[in-house]
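Asker: Sharing a sequence plus its predicted fold:
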Amino acid sequence: MRICGLEEKIHVVDNDVTVKEIIRDIVRSKEKADAFYIFDIGDLVNKVKIWKEQMPRVKPFYAVKCNDNLLLLETLAALGLCFDCASKVEIKKVMDLGVDPSRIIFANPIKMVSHIKYAMSQCVNLTTFDNELELYKIKSIHPSCKLVIRIRCDASSSLLSLGVKFGCDPYTEAPALLSLARDLDLSVVGVSFHVGSGCTEPTAFRRAISASASIFRLAEQLGFSNMYVLNIGGGFLGNKNSSLEQFSDIVNDALNEWFPPSSGVTIIAEPGRYFAETAFTLATKIYSIKNRPNEEHIMYFINEGFYGSFRGPILEQSTLVPPKPLFENSASPVVKSSLWGPTGGALDIIVDSINLPRMHMGDWITFENLGAYTIPVACTFNGFPLSKIFAVVNRRIWHKLKNLMPISEEHFTTEPIVATIKRARAESSDDVLWDDTDIEHTIQYPCLHLKKVFTSLEI
Ligand SMILES: *Cc1c(COP(=O)(O)O)cnc(C)c1O
């Protein structure tokens, strides 16, 4: 069992306390100056509950690449989820939690030889493929592995299409690939697809499930007698403005039509974003401000940026939930604003035009919905650190979770987060709180300051 550091424990909070209140408490204490995340375990637990209620036939294999935070993986493992791993390291990470290899699909269709060898050594026995060369690789390294053919079926709109990179054409390519698999005496057991991450055309699932049914028939005609897996991939929206229902109604209907319970086919999915997105909220601090010349436009510099948490959401051009000042002041005038990250990189802009109440040095801004494709993608470019993550859970969910392996009583602390932060600092050598906004006088009028310099130059 893993021994958690103090800051890595899950902090137990009262049942009715909100994430915003937790962030406000931390900020008011003045114990934290860097940007930080609050990870609400309860939100994750609730997502799993909704999934099980709305798509009881579809077994979720969480896509680890979306967010590989250890507590998140542990919570999902505790709730009995299975996992979609794309590499050796992801397989190891999940197996180190005590997850049985039968609960893993190695769902990267294009694999490195060493990773296939590793999967075989760990008895991971289910993988996807979409081309000939990969079939030969599997034949030579892990010939008894069960295979799922990945077909291409893209939604007409999604945040990120995966079809250009992965998936074979169900009509022009799949037949030849299946014949080759049969000639190589490999064991094809099912079909998979991914309609695109952040799918905004849920009926794509209907098209893809119908196409999968044709491939099932074709495979059976070719002699594959053990076709028992349909993998409907990921793509499910997870943010607070979307609901799983818009997908589940379509998916359940299509499954009943083409893969009814009497077919005996096991239905699995690989949701990433759906589970992880809403559970993480980021709190950032303004550490510098300037006016854009000749324009009523204020540029705020905050201590997190493109190279930290925002690269994924910005590149996906997803609808970043609008930033919110932590302490709203309705008396503040609303001004056109932009938000910039701390690095010297020109790309390091988070929002280039938004109306926000006038804010000041040291004010905090929060971003919700930042749990998907943020944390594992972040880097320390230009020397700016990654944001710490504080996990919280309310008492009710704590009682449910605390003895579900791999989660144990040891994972939790009832100490307030502020006390933990203080203590962690005292226990490390870094005893000083470096606050980048802590100056005595905020310079209100930079031009006055400049004038003084010119005067002294003239002398
Ligand atoms: C990334 C990925 C997923 C997860 O997709 P989401 O859109 O986050 O649900 C699932 N399956 C595969 C094969 C992936 O590459």
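Answerer: That came through fine. Because the structure is predicted, anything quoted here is derived from the model rather than measured. Numbering: from 1, shown residues only.

Asker: Wait, Pro143 touches Lys137, no?
Answerer: No: counting by C-beta atoms under 8 Å, Pro143 does not reach Lys137; the two are 10.4 Å apart. All C-beta atoms are positioned from the backbone trio N, CA, C, and that covers glycine.

Asker: Mind checking which of the two has more residues around it?
Answerer: Lys137 (17 against 12; other C-beta atoms under 10 Å).

Asker: Need the per-residue pLDDT for that one.
Answerer: Note for Lys137: predicted pLDDT of 98.

Asker: Report the residue ranges of every domain in this structure.
Answerer: According to automatic domain parsing, the chain comprises the domains 6-33+280-443, 41-276.

Asker: and the longest one, how far apart are its ends?
Answerer: The separation between the terminal residues of domain 41-276, taken as C-alpha to C-alpha, to the nearest Å, is 10 Å.

Asker: Please see if that domain touches the ligand.
Answerer: Yes: Domain 41-276 is in contact with the ligand by C-beta under 6 Å from any ligand atom, via 63, 65-66, 84, 107, 194, 197-198, 233-236, 270-274.

Asker: Out of those residues, name the ones that lie in helices.
Answerer: Arg273, Tyr274 (DSSP state H).

Asker: so how many other residues sit close to the nearest residue to Ala63 once chain neighbours are set aside?
Answerer: Ranked by C-beta to C-beta, 6 or more residues apart in numbering and with sequence neighbours excluded, the top spatial neighbour of Ala63 is Gly272, at 3.4 Å. Residues near Gly272, counting by other C-beta under 10 Å, number 26.

Asker: Contact partners for Gly272?
Answerer: Gly272 makes contact with Tyr62, Ala63, Val64, Lys65, Cys66, Asn67, Asp84, Ser197, Gly234, Ala372, Tyr373 under the criterion C-beta atoms under 8 Å, 6 or more residues apart in numbering.

Asker: which one in the residues you listed is the model shakiest on?
Answerer: Within those, pLDDT reaches its minimum at Ser197, with 92.

Asker: quick one: it and Ala254, what's the gap?
Answerer: Distance, Ser197 to Ala254, by C-beta to C-beta, to the nearest Å: 20 Å.

Asker: What number of neighbouring residues does His399 come out with?
Answerer: So His399, with other C-beta under 10 Å, has 11 neighbours.

Asker: gap between it and the ligand?
Answerer: 30 Å (C-beta to the nearest ligand atom, to the nearest Å).

Asker: what about that residue, which helix or strand?
Answerer: For His399, the host element (DSSP states H and E) is helix 395-401.

Asker: what sits against the most centrally placed residue in the chain?
Answerer: Among the residues of the chain, Ala372 comes closest to the average C-alpha position under C-alpha atoms, centre = their mean, at 2.3 Å. Counting by C-beta under 8 Å, 6+ apart, Ala372 touches Cys66, Asn67, Gly238, Gly272, Arg273, Ala276, Glu277, Gly312.

Asker: Packing partners of whatever helix or strand Lys93 lives in?
Answerer: Here Lys93, judged by DSSP H and E, is contained in helix 88-95. Helix 88-95 is packed against helix 70-78, strand 82-85, strand 104-106, helix 113-121, with contacts defined by 3 or more C-beta pairs under 8 Å, 6 or more residues apart in numbering; DSSP states H and E.
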